[in-house]
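> Here is a sequence together with a model predicted from it:
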Amino acid sequence: MNQLQTIQSKIYEIRGQRVMLDRDLAELYQVTTGNLNKAVKRNIKRFPSDFMFQLTADEWEALRFQIGILETGRGKHTKYLPYAFTEQGLAMLSGILNSDTAIQVNINIMRAFVAIRQLITNTPVDKVSLLQREVKELKEYMEEVFADQNDINEDTRIQIELINQTLAELQIQNKEREKKPRPRIGFIRYDE
């Protein structure tokens, strides 16, 4: 998986915004999460609440189950709730982390956000028109099937009426036969 795909896999949607977590950013920047958060706190004026926010316990639990962080053991879980950085917060983060790795990672992160935004804005239009066409074709097909079904039903109804008419005629003929005396069955006796 290339770095752009790795970054895209670490972008989550929380509170209706696409964000990256401090621990994922620290891993990408090749620093510890603590050092990343210390640098942010030293420059906290650059990070208003719409650029960076701390997750609530419920949000963190939901996210942990979503991304599968269930390892056990000492030091496997964060001591503090993680911080989430929006795209603007990541741009600010690039100003306080000034290593070559941080610069290259920030460029890739911005590209990943742009790619996600393009994917979201371009794809649905094509898929919607495709779905509309498929629904229209399916509707036309279903109308043909129902028309054929109605034709079959009409033919079947006519056949059932003919069968009922024939049965009625046979019943009438049977009743007429019952009125006629039936010849006796058996040996004929001449002494009678």
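Arrived safely.

> Every contact and neighbour count from this point should use C-alpha atoms.
OK.

> Would you map the strands across this structure?
11-14, 17-21, 52-54, 83-85 (DSSP state E).

> So which bits of stretch 97-104 are buried?
Using 16 or more other CA atoms under 10 Å as the test for burial, stretch 97-104 gives 97, 102-103.

> what's the answer for stretch 17-34, then?
Those would be 18-26, 28-29, 32-33, for stretch 17-34 by 16+ other CA under 10 Å.

> Neighbours of the residue lying closest to Asn106 once chain neighbours are set aside, how many?
Nearest residue to Asn106 in three dimensions, chain neighbours excluded: Ser94, at 6.2 Å (CA to CA, 6 or more residues apart in numbering). Residues lying near Ser94 (other CA atoms under 10 Å) number 16.

> Show me what the lowest-mean-pLDDT helix or strand in the chain is packed up against.
Sorting the helices and strands of the chain by mean pLDDT, DSSP states H and E puts helix 3-9 at the bottom, at a mean of 76. Applying 3 or more CA pairs under 8 Å, 6 or more residues apart in numbering; DSSP states H and E, one finds that helix 3-9 makes contact with helix 100-179.

> I'd like to know which elements the helix it packs on is packed against.
If you count contacts as 3+ CA pairs under 8 Å, 6+ apart, helix 100-179 packs onto helix 3-9, helix 22-29, helix 87-96.
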